[in-house]
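> Pasting a predicted model and its sequence here:
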Amino acid sequence: MSQDLDIAARPAAARDRGGEPHRLWGGRFAGGPAPSLDELNRSLPVDQRLWQEDIEASRAWVQALYRAGVLTHEEARALDQGLAIVARRVEAGAAEGAPDEDIHSLVERLLYEEVGDVAGKLHTGRSRNDQVVTDTRLWLMRVGAKIDNETRLLQGALVERAAATVDLLMPAYTHLRRAQPVRVAHWLLSHFWALQRDRERLAGALERVAVLPLGSGAICGSAFPIDRTLLKELLGFRTVSPNSMDAVSDRDWVVEVVFVAALLCAHLSRLAEDLIFFSSDEVRYMSLPEAYTTGSSLMPQKRNPDGLELARGKAARLAGEVAGGLALLKALPSGYNKDLQEDKTLLFEATDTLLKLLPVTRETIAGLVFHEEALRAAVDDDAMLATDLADELVRRGVPFREAHGAIGRLVRKAEEAGIPISQLPKEEWVAAHPAFADGELPRVSAETSVQARDIAGGTGRASVLAQLARAEALLA
């Protein structure tokens, strides 16, 4: 409330409704809905988590009604005080097991209990259609900030581990086959940049979430002179919706945020797959922290990467939620339709999933133990240096396509002989390409290979350090 509506003592008038269901409609009906429809229609078990936003938006609406001359000073003061008390009651558990249809009905019932009949004035000029979308947008603005922060913390863990592994080498893979040597830091930072794109997408989506729909009424706007700019400022929205019909039916922002969440979850899944593979008994480049693995009910020796496997599984579920959101919207007529009640289930599933996965992934990264001996052995492989040998022929004036074929023949000879390429006699090199006849045979190593790629975005030491500095600057 603003300073001109001081909080007064609790009004004496109060009505105890005895916990009976409170409906925001019904005068046109002879009785209540059938029990089966009531069970289907009831959304309180899902939307009760919006209680803080519903009360906050209602308190702002009280101010708007007061400024519009709909409420007297005393009525506005009583309603604001009552809503503050309702907030404490809901926080203490008043929503648990409540019989009301939705969070809006619950709040209004409790408000009646606190302030009496003046509670009936709160809903003047607004509808559940603009009320629920305001609550959900406000909730998402806050939860989106939490998701962004958790993603940033994960990025910080990747940067911290990258800074400690600049001089540690590992195989890079294509098609899940060893390809070329790379710095461990470069691999870690590859996941950093995917997460950075996710944060940028989330920031863009949240810009479109921060549009105030309150004041749109059921579909055509409010019939009272409501100051929507005041509401925007009180609630922290960026702008006001330009069209009431669109405002109450728009759920593009839900689908967009669910998509952003699904893509972020897909990136967590890819990181998880790398960690599962690189920590497997067959590879052993690293070990996962014990506290982030689980055991087998039968095999005592097992240490399973369940948290990472759940990241993969939940990524699949969120991909399905994106399709569900699009299907929800694709055939709706204009205006509000009750189908849209399902939007919160999609949104809550997506955000809850991320807020569980992000901390576990971050803490797993922070606790990784890299096995330097296994990594050194893995990059001590002449076959991974074949491209470097082809590059050496290019430096001797050979066209790359020709060089590629020559080194391919050398690789085949080495495989047939069961020895590394470097141990092939010189005549085999010359037979592969006459350019090897002059001077010494090329001597390449994993270290020279990564250093040769010291360009922007490459895996050379200077370029990785520059990449690290850029990542640290983004986090700062």
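Sure thing, it's come through.
> what sits against Leu230?
60, 63-64, 67 (Cβ atoms under 8 Å, 6 or more residues apart in numbering). C-beta here means a position set from N, CA and C on the backbone, and glycine is covered the same way.
> Out of the residues you listed, list just those in helices.
Within these, residues falling in helices by DSSP state H are 60, 63-64, 67.
> can you name the two of these that are farthest apart?
The span of those, defined through Cβ to Cβ, is set by Ala60 and Arg67 at 10.7 Å.
> And those two? Which one has more around it.
Between Ala60 and Arg67, Ala60 has the larger neighbour count (other Cβ atoms under 10 Å), namely 24 against 18.
> Would you mind splitting this protein into its domains for me?
With automatic domain parsing serving as the domain definition, the record reports that the chain contains domains spanning 35-124, 129-376, 381-454.
> Show me how far the second one is from its chain's centre.
This means domain 129-376. What separates the centre of domain 129-376 from the centre of its chain is 2 Å, taken as Cα atoms, centre = their mean, to the nearest Å.
> so how far does it reach from one end to the other?
Length of domain 129-376, first residue to last, Cα to Cα, to the nearest Å: 62 Å.
> Now do it, average pLDDT.
Mean pLDDT, taken over the full extent of domain 129-376, equals 97.
> Closest one to Phe370 out of the ones in helices among the contacts of Leu230, please.
Of all these, Ala60 has the smallest distance to Phe370: 52.5 Å, by Cβ to Cβ.
> where's Leu188 relative to Arg284, distance?
Summarising the geometry, the distance separating Leu188 from Arg284, computed by Cβ to Cβ, to the nearest Å, is 18 Å.
> for Lys426, same thing?
If you go by Cβ to Cβ, the gap between Lys426 and Arg284 works out to 36 Å.
> And the next helix or strand past the top helix by length along the chain?
Taking residue count as the measure and DSSP H as the definition, the longest helix of the chain comes out as helix 128-163. Sequence-wise, the next helix or strand downstream of helix 128-163 (DSSP states H and E) is strand 169-174.
> What residues of the very next helix or strand once past that next one count as buried?
Reading on from strand 169-174 to the C-terminus, the next helix or strand found by DSSP H and E is strand 177-183. Across strand 177-183, burial judged by 16 or more other Cβ atoms under 10 Å covers 178, 180-183.
> ok, strand 177-183: who's next to it in the sheet?
strand 169-174 (antiparallel) (DSSP bridges).
> What is the burial count for the closest residue to Ser463 other than its chain neighbours?
Distance criterion Cβ to Cβ, 6 or more residues apart in numbering; nearest residue to Ser463, sequence neighbours excluded, is Asp454 at 5.3 Å. When neighbours are counted by other Cβ under 10 Å, Asp454 registers 14.
> In terms of helices and strands, where is Asp454?
Assigned by DSSP H and E, Asp454 belongs to no helix or strand.
> ok, it to Glu392 distance?
Note on Asp454: its distance to Glu392, by Cβ to Cβ, is 17 Å.
> pLDDT below threshold where in the stretch 1-150 of the chain?
Counting by pLDDT under 70, the low-confidence segments of the stretch 1-150 of the chain come to 1-21, 23-30.
> how about the strands in the stretch 151-300 of the chain?
Using DSSP state E, counting those that start in this stretch, the strands found in the stretch 151-300 of the chain span residues 169-174, 177-183, 211-212, 239-240, 286-287.
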